[in-house]
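*Asks:* Coordinates for the following, if possible.
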Amino acid sequence: MVDLARETLLPVLEARLDRMVRKLVENRGVRHAVVAVGRSDGSPLWVGTAGPADEAGTPMTADTPYFLASVTKLYIATATLRLLEQGRVSLDAPMAEYLPAELVAGLHVRKGVDRTDEITVRHLLGHATGLPEYLVIRPPGGKSLFDFVAAGGDGKWSVKEIADLVREHGRPEFPPRPFDGHRHTIRYSDTNFQLLIAIIQAVTAASLQEAFDDLIFKRLGLEHTFLPGSPAAAAALPAPAAVWLGDRRLDVLTGAMQSFNDLFGTARDALRFMAALVSGAAFEDPATARLLTAHWNPLALSLSLRPVGPGWPMEYGLGTARFRMPRLLTPFRPMPEVVGHTGVTGSWLFHCPDLDVITAGTVDQATAAAVPYRFVPRLLRVLRET
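*Replies:* Numbering: from 1, shown residues only. A predicted model of the protein is given here:
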């Protein structure tokens, strides 16, 4: 383990890290970036920013909220496990136990066999259901929701509309995978976490923002993490950074993007949250945190050109991903593994056990979703070599 004490980190690394962040905005389409490094106890060691937060030239700062995108899945998984601790949810209970029949009936019909009742909360958390990615389903003669948003379409959709789309036009890719101690190839699908959100809301009889507040945010003191459309979003100062899809700014605070149910937050809040997962402080029993990483399944290689989720060489636990490059591909400069999550807009939140550090950041550009997989290994090499 490398000791990155603050008094040695800043003089040696600050200039080099600043250069790395400035170089991020040289990526095509990237207008700004924020990168944070902290200890595993959540205390920030360094936060760097580059570029303007919006078209008006407002400077990007360490306190500017940014779009977490699918990093939100860590928070959804944490909320689910908090409900597990309260005895309100069982990981191995069928999802149909918590959701109305008209929502879930017939969601997983493959080769004439309906396996919907086999899908458990654990399956949803682990992307082990086989349910297709709803965002890229294209109805006959229509557009996928991904293409609809990419084209600037406006309008929201509900979990009921997601379920109807999957039921009518989706094709499950495999039967629900067993959790039997063996590794099974799975496929990332946002459908799973939309259903988890519906479970959280059904069990708590609250909005997702209220559930997050009660189960996570108040407990951990996350005062600058919020869902778009919430009162906290309206009151956010400074205003959230702009999010881009190529040259078009996405309206993530209103309209269609609200339907993703993804959070905004600051880099410091992200470090604090990940530290609570690493230590177990996010839960009543610290051992609960180990459920997130108790078993890893490999994600299938994705050939889709639409940046909707990670694939190989990522592995997935429960709401948590592990990124480690095979030694064969990095024989001379092996990359230490990281555990956490990435998002489609180039966001990330990772803990590196080998260095015992946490890093968070984003480039807020949907065409640069792969940035974390290139940047984070370089960042870790700099920290380790220094």
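*Asks:* Give me the distance between the residue most central in space within the chain and A242.
*Replies:* Per Cα atoms, centre = their mean, the C-alpha nearest to the average position across the chain is that of V71, at 2.0 Å. Taking Cβ to Cβ, to the nearest Å as the measure, V71 falls 18 Å from A242. Quick note: C-beta positions are derived from backbone N, CA and C, even for glycine.
*Asks:* How about P44?
*Replies:* Distance, P44 to A242, by Cβ to Cβ: 24 Å.
*Asks:* Could you check which of those two is surrounded by more residues?
*Replies:* Ranked by neighbour count (other Cβ atoms under 10 Å), P44 and A242 place A242 first, with 22 against 17.
*Asks:* residue boundaries of the strands in the stretch 51-200 of the chain?
*Replies:* For the stretch 51-200 of the chain, applying DSSP state E, counting those that start in this stretch gives strands covering 66-67, 109-110, 113-114.
*Asks:* out of these, which comes closest to E97?
*Replies:* strand 113-114 (16.6 Å; Cβ to Cβ).
*Asks:* what separates the closest one from the chain centre, distance-wise?
*Replies:* Centroid separation for strand 113-114 versus its chain: 31 Å, with Cα atoms, centre = their mean, to the nearest Å.
*Asks:* for stretch 229-247, same thing?
*Replies:* Counting by Cα atoms, centre = their mean, stretch 229-247 is centred 17 Å from the centre of its parent chain.
*Asks:* ditto for stretch 131-145
*Replies:* With Cα atoms, centre = their mean, you get 21 Å for stretch 131-145.
*Asks:* Just the buried positions in that stretch, please.
*Replies:* Within stretch 131-145, the residues that count as buried by 16 or more other Cβ atoms under 10 Å are L131, P132, E133, Y134, L135, V136, I137, S144, L145.
*Asks:* Next: stretch 104-116.
*Replies:* For stretch 104-116, burial by neighbour count (16+ other Cβ under 10 Å) applies to V104, L107, H108, R115, T116.
*Asks:* could I get these as CSV with pLDDT and distance to W312?
*Replies:* Putting the buried residues of stretch 104-116 into CSV (pLDDT from 0 to 100; distance: Cβ to Cβ, whole Å) gives the following:
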residue, pLDDT, distance to W312
V104, 97, 29
L107, 98, 26
H108, 98, 23
R115, 98, 25
T116, 98, 27
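*Asks:* Reformat the residues you listed as JSON lines; add distance to E85.
*Replies:* Output for the buried residues of stretch 104-116, formatted as JSON lines (distance: Cβ to Cβ, whole Å):
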{"residue": "V104", "distance to E85": "25"}
{"residue": "L107", "distance to E85": "28"}
{"residue": "H108", "distance to E85": "28"}
{"residue": "R115", "distance to E85": "29"}
{"residue": "T116", "distance to E85": "27"}
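*Asks:* if we can go back for a sec, can you list the strands of the stretch 51-200 of the chain in a markdown table and add distance to S279 and mean pLDDT?
*Replies:* Output for those, formatted as a markdown table (distance: least, Cβ to Cβ, whole Å; pLDDT from 0 to 100):
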| stretch | distance to S279 | mean pLDDT |
| --- | --- | --- |
| strand 66-67 | 24 | 97 |
| strand 109-110 | 41 | 96 |
| strand 113-114 | 42 | 97 |
